[in-house]
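Student: My questions are about this predicted structure, shown below with the sequence.
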Amino acid sequence: MGDENTGKIVTRFAPSPTGFIHVGNVRTALYAWLLARKHNGKFILRIEDTDKKREVEGSIQHIMDSLKWVNLAWDEGPDIGGENPPYLQSERLATYKKYADILVEKGLAYADPYTPEEIDAFRKKAEEEKKPFLYRTHRPENPSVWDGTKPLRLKVTPKKYQWHDVTRGELEAGEEAVDDFILIKSDGYPTYNFAHIIDDLLMGVSHVMRGQEFIASTPNYLALYEALEIDKPELVTMPPILGDTGGKKMGKRDGAKDILDYKKEGYLPQAMLNYLAFLGFNPGGEQEVFTAEELIKVFDLSKIQRSGARWSDEKLNWFNKEHMKLLPASEIEKNILEWLPENMRDVKLVPVIFERISKWSDVKDMAERGELDLFFKTPTYQKEKLIFKNSTAEDTKKNLELAINALSEINEDNFTQDTIKDSLMSLADKLEKRGAMLHPVRFALSGLDKSPDPFTIASVIGKNETLSRLQYAQKAIS
Ligand code: GLU
């Protein structure tokens, strides 16, 4: 079984279709994908849909769309098939039954005779006695034949387990961590605990990458590998992702967003991948901006960190901006224009906007906050605000006039940021304080306490509008 895969790196991403997948899930998929790609192995998408009560309609498609967005292509999966189909656990019930029967025959699995209420009562009693609840202490002596109407449980041999985890090192647990867990539920579906082990075996999975919440159940998995007389795959526990404040693990409930929300916000998939790769992994060295191909080259299991990795929107934005800078100018222009309201689609704004954004939706936000209005509407303002600190109305009026005269000299075709800057700076430099000229010019053009520099604004709005705004200001000052 799985012999043909010996030595081959096979990883899988095995989400349950219980809703959207968040950034943490995608990071798990990414590490599994990177490992497979690095070793020319195989990356499998398997859908673990055995808990019918928790299933959310549409999630399988949503999961596939999410992986596709970040370009994590799977080699085998529910939509494309593969060597070991099917890839939906709900379609593999006969396979689980086959292995369940093997265990029954070996005397290593038995029908659970109790009702859920009876088991609850055992659990309560253990709690009252302040003892850990262990089902196996109630194991029936002569269980009835398993006919599928009762849960099937594994009969474990209680003992201590020690095992190796690629990121956590040597782990161990006492015999209280092993119990007769359910393999097949009374509804005929296997538990995760059983199904994933059978699937990993049949699909030749060499490395299981998953969250730390599975460490506590690992002794049970080890008991099952032993019962089936199979080798365990390498276990790789992913570092937890901590919320922005660094304390708590980030989960769906506390801010872990649907990965496709980032798509909607105009993040670049290649930046998301780069950021997620670094959330718990570091290849060493100075370089931080990596393409997916480069990540494949440097990915190394031994460099996955063990401790939690803190989520940071700020860092994600930084990665996004770095990847945006790598885009061809035409693509930057196209995106910025598309994200602008139709009446603001002016190419001259592209560089101004690009300097101020870290994701495409920032363009929309800037427009909605009115930060671009100054490029389209003559501003209104309190005229006193034209005067630079410690300057006078008289000087301001004079400096505005100098600016008007100088800018009038520039040919309309040559009215660029550089020529405007040269012209205004040579005047401003002659003054005791440059601000005495640059402030009123900037303020006259924008009407805002904070705005892009006056050269940028002037070049975007053009010579006529620039002169008209300056003249208005010059006259307004009395
Ligand atoms: N179906 C499990 C989950 O969504 C996957 C755990 C695993 O990768 O084995 O949590």
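Tutor: Yep, it's here.
Student: going forward, measure contacts between C-alpha atoms and count neighbours the same way
Tutor: Fine.
Student: how near is residue 334 to residue 262?
Tutor: Using C-alpha to C-alpha, to the nearest Å, residue 334 is found at 19 Å from residue 262.
Student: repeat for residue 173
Tutor: For residue 173, the distance to residue 262 - C-alpha to C-alpha - is 40 Å.
Student: higher neighbour count, residue 334 and residue 262?
Tutor: Between residue 334 and residue 262, residue 262 has the larger neighbour count (other C-alpha atoms under 10 Å), namely 16 against 12.
Student: packing partners for the lengthiest helix in the chain?
Tutor: The single longest helix within the chain, with elements called by DSSP state H, is helix 454-476. Packed against helix 454-476 by the contact rule (3 or more C-alpha pairs under 8 Å, 6 or more residues apart in numbering; DSSP states H and E) you find helix 393-409, helix 417-428, helix 435-446.
Student: Would you mind putting those into a markdown table with mean pLDDT, mean neighbour count and distance to residue 467 alongside?
Tutor: Output for these, formatted as a markdown table (pLDDT from 0 to 100; neighbours: other C-alpha atoms under 10 Å; distance: least, C-alpha to C-alpha, whole Å):
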| stretch | mean pLDDT | mean neighbour count | distance to residue 467 |
| --- | --- | --- | --- |
| helix 393-409 | 98 | 18 | 6 |
| helix 417-428 | 98 | 17 | 12 |
| helix 435-446 | 98 | 25 | 9 |
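Student: Tell me which of the ones you listed lies nearest to the ligand.
Tutor: helix 435-446 (52.6 Å; C-alpha to the nearest ligand atom).
Student: Now for the closest residue to the ligand within the stretch 101-250 of the chain, how many residues are close by?
Tutor: Using C-alpha to the nearest ligand atom, the closest approach of the stretch 101-250 of the chain to the ligand is made by residue 210 at 4.8 Å. Neighbours of residue 210 under the rule other C-alpha under 10 Å: 23.
Student: still on that earlier bit, residues making contact with the longest helix of the chain?
Tutor: Outside helix 454-476, the residues within contact range by C-alpha atoms under 8 Å, 6 or more residues apart in numbering are 348-349, 352, 375-376, 378, 383, 386, 396-397, 400-401, 404, 407-408, 412, 415-418, 420-421, 438, 441-442, 444-446.
Student: Residue 333 and the ligand, how far apart?
Tutor: The gap separating residue 333 from the ligand is 40 Å, by C-alpha to the nearest ligand atom, to the nearest Å.
Student: Would you double-check that that residue falls in a helix?
Tutor: Yes - counting by DSSP: H, G, I helix; E, B strand; the rest coil, residue 333 falls inside a helix.
Student: on that earlier part again, in the longest helix of the chain, what's buried?
Tutor: 454-463, 465-467, 469-471, 473-474 (16 or more other C-alpha atoms under 10 Å).
Student: Stretch 74-91: end-to-end distance?
Tutor: Taking C-alpha to C-alpha, stretch 74-91 runs 19 Å from one end to the other.
Student: Kindly report the same for stretch 29-48.
Tutor: Termini of stretch 29-48 sit 14 Å apart (C-alpha to C-alpha).
Student: Make 108 the first number, not 1, from now on.
Tutor: New numbering, starting at 108: the last item is stretch 136-155.
Student: Is the ligand within reach of that stretch?
Tutor: Yes - with C-alpha under 6 Å from any ligand atom as the criterion, the ligand is reached by stretch 136-155 at residue 155.
Student: Show me the contact partners of stretch 271-278.
Tutor: Outside of stretch 271-278, the residues within contact range by C-alpha under 8 Å, 6+ apart are 269, 270, 341, 342, 343, 344, 345, 408, 409, 411, 412, 413.
Student: could you redo the last one with a cut-off of 7 Å?
Tutor: The contact list for stretch 271-278 (C-alpha atoms under 7 Å, 6 or more residues apart in numbering) reads 269, 270, 341, 342, 343, 344, 411, 412, 413.
Student: Can you get me a residue count around the last one?
Tutor: This means residue 413. Residues lying near residue 413 (other C-alpha under 10 Å) number 17.
Student: from what I can see it touches residue 346, true?
Tutor: Yes - between residue 413 and residue 346 there is a contact at 5.3 Å, judged by C-alpha atoms under 7 Å.
Student: residues from the stretch 108-257 of the chain in reach of the ligand?
Tutor: So far as C-alpha under 6 Å from any ligand atom goes, the stretch 108-257 of the chain lies against the ligand at 120, 121, 122, 123, 155.
Student: And the contacts of stretch 271-278, which of them are buried?
Tutor: By neighbour count, with 16+ other C-alpha under 10 Å, the contacts of stretch 271-278 hold 270, 342, 343, 344, 411, 412, 413 as buried.
Student: Correct me if wrong, but the second one is in a strand.
Tutor: Just to be clear, that refers to residue 342. Yes - under three-state DSSP, residue 342 falls within a strand.
Student: where does the chain dip in pLDDT?
Tutor: 108-113, 353-354, 358-362 (pLDDT under 70).
Student: the strands in it, which residues?
Tutor: For the chain, the strands defined by DSSP state E cover 117-120, 149-152, 216-218, 259-261, 268-272, 276-280, 289-291, 314-317, 341-344, 348-349, 416-417.
Student: now those strands in JSON lines, with distance to residue 162?
Tutor: Listed next are the strands of the chain as JSON lines, based on distance: least, C-alpha to C-alpha, whole Å:
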{"stretch": "strand 117-120", "distance to residue 162": "17"}
{"stretch": "strand 149-152", "distance to residue 162": "17"}
{"stretch": "strand 216-218", "distance to residue 162": "26"}
{"stretch": "strand 259-261", "distance to residue 162": "22"}
{"stretch": "strand 268-272", "distance to residue 162": "30"}
{"stretch": "strand 276-280", "distance to residue 162": "32"}
{"stretch": "strand 289-291", "distance to residue 162": "18"}
{"stretch": "strand 314-317", "distance to residue 162": "20"}
{"stretch": "strand 341-344", "distance to residue 162": "25"}
{"stretch": "strand 348-349", "distance to residue 162": "24"}
{"stretch": "strand 416-417", "distance to residue 162": "29"}
